[in-house]
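# Structure here, sequence nowhere to be found:
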């Protein structure tokens, strides 16, 4: 076939949701296009494979690099992005976080009706199947299986206790009544296996006769005729370029890096950017590729006097091989874990209305995304600033659709961004000094004792800061009159017919946490808009700790 009702570009988190929901009633034909392959690698299935998937450009990872970042010593930063079924949900750290409730209330206050916390909560719940069943904040019957942290490792417990000893709140559920504080993470892992969007949404429906899932098909441009998206030009691995046609809509779900890139290649964007690469302007939208936001992260690590962290648990070829063999043969052992099961959401100053720092605890000394193996036992606090003021952009390097886009994140462009991370470093040093962690700390590995003053901390952040993989905002939602908006509140591309963007790129602002769960929620909600179904009723019952209702 070369004609379908809907064409979905990208089989990542959002694309898998749409492929499932749009084929439910059997009346519409759907083509799901994916440049990568299927998700049949053991490294994807096994939670412990996450390190290898994130670190390396591969069949599962586009492996982008940013342009030189002026506030990070002009370094080019490694940007892993998922490739193949499941997209980044097939290579991520499997942490299930929605963000703070106020994040969505802020979207509503920006004029985006239907995107407040009460509006989106029903879609989070529809998508989720929480281990142990649903409750007022969680779903119990959705396609995305979510488990509760279960590792008995003492460092997880000790970090939470140390956070309390340092004077911070504790919480049992980052996605429930109270996000702020130290506690255990919820994970997209089920029975020791990664539960990606592909696993939850795509695999169960591959047998539907009205769904065609095509791998090895790279989108080179969207075909737009007389102000309407009518099809997609693709480059197939086995064959040349061809055009497939959409009778109803083209749904762009390629993510915050590639969705704006594909629009730009199609002649949709800022005329100044397009014309300098010889691309005819089909439709002017200056916001395409702008408003890029990402979570910058630094890794603070401490050496551990006990041989109980990943270095000793996997030291040597025999132990390393045994992890894989035990998992393959019996689905047991370390392969079932992703090694970051506790953390925190904290405020870097008391006057903030919600946490602006996120902490991930890792049972290893992390350096350069784990690419550098440190031969010591230890643990790491990933310290991440949640609400950057800095804005970057995604743009063209050339008119060749096979070239990577130019990514300029523009990290640490404001003093507030620098202050928040600097304060986060100081806060984690205080946590590491607490009695609960005393048995597990014998020295600070990074930044190290030589880094003490604000200037020294800032310089260390510039030398070592990295993405924690949460880019959003490059095709952001907006209201009438907003010159930089790309889509409306139903994710329809402004000024064009038959074209939507549905992925993390439409978020107007970053949420306070990992971005996979919110991306799935967005696709769930927009799947109803596409089908002309009424949105789920708002759920005002579950309040959150610092809401006016709770107060």
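Perfect, I can see it now. Because the structure is a prediction, the values reported are computed rather than measured. Residues are numbered from 1 along each chain as shown.
# In the helix or strand of the chain with the lowest mean pLDDT, which residues are buried?
Here the helix or strand of the chain ranked lowest by mean pLDDT, DSSP states H and E is helix 317-330, holding a mean of 88. Within helix 317-330, the residues scored as buried using 16 or more other C-beta atoms under 10 Å are 323, 324, 327. C-beta: built from backbone N, CA, C; applies to glycine.
# what packs against that helix?
helix 42-45 (3 or more C-beta pairs under 8 Å, 6 or more residues apart in numbering; DSSP states H and E).
# Within the sheet, what are the partner strands of the helix or strand following the least confident helix or strand of the chain, with directions?
The C-terminal neighbour of helix 317-330 among helices and strands, as given by DSSP states H and E, is strand 342-346. Here strand 342-346 is paired, per DSSP bridges, with strand 181-184 (antiparallel), strand 357-362 (antiparallel).
# got those as JSON lines, with distance to residue 202 columns?
As requested, the strands paired with strand 342-346 are exported to JSON lines (distance: least, C-beta to C-beta, whole Å):
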{"stretch": "strand 181-184", "distance to residue 202": "29"}
{"stretch": "strand 357-362", "distance to residue 202": "27"}
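# To residue 468, which of those lies closest?
strand 357-362 (7.8 Å; C-beta to C-beta).
# ok, residues contacting that closest one?
93, 95, 155-156, 159, 182, 185, 295, 339-348, 379-386, 420, 423-424, 427-428, 468, 512-513 (C-beta atoms under 8 Å, 6 or more residues apart in numbering).
# From those, which land in helices?
Among those, the members falling in helices (DSSP state H) are 155, 156, 159, 420, 423, 424, 427, 428.
# Would you mind giving the buried residues of helix 317-330 as TSV with distance to residue 68 added?
Listed next are the buried residues of helix 317-330 as TSV, based on distance: C-beta to C-beta, whole Å:
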residue	distance to residue 68
323	38
324	38
327	40
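# between the residues you listed, which is nearest residue 520?
Among the buried residues of helix 317-330, and counting by C-beta to C-beta, the member closest to residue 520 is residue 327, at 26.1 Å.
# from memory that closest one sits against residue 48, does it?
Yes: under the contact definition of C-beta atoms under 8 Å, residue 327 touches residue 48, with a separation of 7.3 Å.
# What helices and strands are in contact with the strand ranked longest in the chain?
The longest strand of the chain (DSSP state E) is strand 241-252. Applying 3+ C-beta pairs under 8 Å, 6+ apart, we find strand 241-252 packed against strand 3-9, strand 30-33, strand 217-225, strand 228-236, helix 255-265, strand 499-501.
# Out of the ones you listed, the one nearest residue 110 is which?
strand 499-501 (17.3 Å).
# which residues touch the closest one?
Contacts for strand 499-501 (C-beta under 8 Å, 6+ apart): 222, 224, 228-229, 249-253, 259, 263, 475, 486-487, 490-493, 526, 530.
# Buried subset of the residues you listed, written for PyMOL?
What follows is the PyMOL syntax for the buried subset of these, where burial is set by 16+ other C-beta under 10 Å:
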select buried, resi 222+224+229+249+250+251+252+253+259+263+475+486+487+491+492+493+526+530
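# coming back round to it: common neighbours of residue 327 and residue 48, please.
334, 335, 336.
# Could you verify my assumption that residue 341 touches residue 156?
Yes: using C-beta under 8 Å, residue 341 is in contact with residue 156, at 5.2 Å.
# higher neighbour count, these two?
More crowded of residue 341 and residue 156, by other C-beta atoms under 10 Å: residue 341, with 26 against 22.
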